[in-house]
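Enquirer: after the sequence you'll find the predicted model.
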Amino acid sequence: MFDGTMEVKVAPTSSGHLAIQWAKARRLGGLSLRLCVSTSPGAPRLVLSESLSETGYFVDETSNVRHRDRLPSYFFEYTDPSGMIMDTSPAYTLTYEPDIAYLSYLVEAERALQKIDGVAGVALILKREGERCPSCWNVIEAKRMKDYCPVCFGTGWDGGYWDPISFTFRYLRMPSVGQINLDGAPTYDSVYQVQALYYPALLEGDVIVDTHNAERFRVHTIELVTYRSSFPVFQNITAIRIPKSDALHALTIPEEFFKKHRPLKAAPVVM
């Protein structure tokens with residue numbers, strides 16, 4: 001059942017909790033996927049979350065690498081309706097040992113985002129597997145048949161994106177004036193440079209939503225910024241502003257993700 005195609009990343013947050021992000025889990029009829037943790041070899045597994053989707057993100061607040069001398073291991077399990085375990089994935093854990101200096105740096109980086117120049121946002125992870133769109137996907141020609149589809153939002157996958165994830169980012173460079181219209185009003189380039197902590201990890205095609213002004217941006221390129229040339233800290237992202245005419249603006253994000261925020265300027269320097 002776990003055939004090696006599933007992708008899993010484990011990363012420390014600034015608080016020392018561990019974030020687990022996964023993709024490409026198989027959807028198996030009649031079986032549920034759940035996430036478990038084991039604090040040491042041979043220790044019982046604690047179920048952290050059940051009924052998971054094929055792609056997801058979870059922060060384990062039961063473990064804190066600041067206060068442990070060994071790293072926990074994470075497992076995924078397929079269970080049947082009775083709760084019987086049908087298959088268990090390999091163990092996943094951090095691939096490096098975070099030191100106190102690195103975790104302290106993460107704290108300062110997150111504090112700067114939250115208190116100085118950060119903007120509350122939402123990450124929408126693009127569906128890259130699963131069921132094709134029932135409205136616009138042509139199975140024979142293997143392509144979308146509509147430019148505007150409120151079911152897949154232009155992705156070709158049913159639902160388009162996975163559940164929203166709250167995160168904070170900053171604008172590194174606001175778009176410059178591209179040209180002056182005939183009526184004298186300036187228009188702006190649609191390319192933005194933004195920066196976020198390295199979790200949740202984003203890929204080309206994922207979407208960033210600014211919850212202050214509801215602007216939406218599609219991730220184009222990502223450059224990882226590291227601490228001491230090895231520990232990941234930031235994602236420097238080139239993102240393209242999505243026009244209001246795009247089908248993605250038909251995707252509804254729950255109201256609780258939108259809060260009142262003061263407008264913030266671009267960061268004066270790239271960290």
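Expert: Happy to help now that I have it.

Enquirer: so, low pLDDT: which residues of the stretch 51-200 of the chain?
Expert: Within the stretch 51-200 of the chain, the segments meeting pLDDT under 70 span 68, 174-189.

Enquirer: how much space separates residue 3 from residue 222?
Expert: As judged by CB to CB, to the nearest Å, residue 3 and residue 222 stand 28 Å apart. From N, CA and C alone the C-beta is placed, and that goes for glycine too.

Enquirer: comparing these two, which shows the higher neighbour count?
Expert: residue 222 (17 against 7; other CB atoms under 10 Å).

Enquirer: elements contacting the strand or helix carrying residue 234?
Expert: In this structure, residue 234 sits in strand 231-241 according to DSSP states H and E. Using 3 or more CB pairs under 8 Å, 6 or more residues apart in numbering; DSSP states H and E, the elements in contact with strand 231-241 are helix 100-112, strand 191-197, strand 216-227.

Enquirer: highest mean neighbour count out of the ones you listed?
Expert: strand 191-197 (a mean of 21; mean count of other CB atoms under 10 Å).

Enquirer: and the next helix or strand after it, how far out from the chain's middle?
Expert: As assigned by DSSP H and E, the chain's next helix or strand after strand 191-197 is strand 207-210. Centre-to-centre, strand 207-210 and its host chain are 10 Å apart (CA atoms, centre = their mean, to the nearest Å).

Enquirer: sheet partners, orientation included, of strand 207-210?
Expert: strand 119-124 (antiparallel), strand 216-227 (antiparallel) (DSSP bridges).

Enquirer: for that strand, which outside residues touch it?
Expert: Residues outside strand 207-210 that contact it (CB atoms under 8 Å, 6 or more residues apart in numbering) are 119, 121-124, 126, 161, 164, 169, 194, 196, 202, 215-219, 237, 239, 242, 248, 253, 257.

Enquirer: number of nearby residues for residue 228?
Expert: By other CB under 10 Å, the residues close to residue 228 number 10.

Enquirer: that one is in contact with residue 105, isn't it?
Expert: No - the pair residue 228 / residue 105 is not scored as a contact, 9.1 Å apart, by CB atoms under 8 Å.

Enquirer: indicate which one of the helices and strands packed on strand 231-241 is closest to residue 9.
Expert: Nearest to residue 9 among the helices and strands packed on strand 231-241 is strand 216-227 (12.2 Å), distances taken as CB to CB.

Enquirer: which residues are contacting the closest one?
Expert: Contacts with strand 216-227, where a contact means CB under 8 Å, 6+ apart, come from 102, 105, 191-192, 194-195, 198, 202-210, 232-242, 246, 248-249, 271.

Enquirer: just how off-centre is it within its chain?
Expert: 11 Å.

Enquirer: now do it, average pLDDT.
Expert: Averaging pLDDT along strand 216-227 gives 91.

Enquirer: out of the contacts of strand 207-210, which are buried?
Expert: 119, 121-124, 126, 161, 164, 169, 194, 196, 202, 215-219, 237, 239, 242, 248, 253 (16 or more other CB atoms under 10 Å).

Enquirer: separation between the closest residue to residue 106 other than its chain neighbours and residue 111?
Expert: Distances taken as CB to CB, 6 or more residues apart in numbering place residue 14 nearest to residue 106, at 4.0 Å, with adjacent residues excluded. Per CB to CB, residue 14 is found 8 Å from residue 111.

Enquirer: and what of residue 52?
Expert: Distance, residue 52 to residue 111, using CB to CB: 31 Å.

Enquirer: residue 83 too?
Expert: Taking CB to CB, one finds residue 83 at 42 Å from residue 111.

Enquirer: what of residue 103?
Expert: Distance from residue 103 to residue 111, by CB to CB: 13 Å.

Enquirer: overlap in contacts, those two.
Expert: Common neighbours of residue 103 and residue 111 (CB under 8 Å, 6+ apart) are residue 14.

Enquirer: let me see the ranges of the strands in the stretch 1-150 of the chain.
Expert: Remark: strands assigned in the stretch 1-150 of the chain by DSSP state E, counting those that start in this stretch are 7-12, 18-23, 32-38, 46-49, 56-60, 73-79, 85-88, 119-124, 137-138, 143-144.

Enquirer: residue 98 is nearest to which of those strands?
Expert: Nearest to residue 98, of these and by CB to CB, is strand 7-12 at 5.0 Å.
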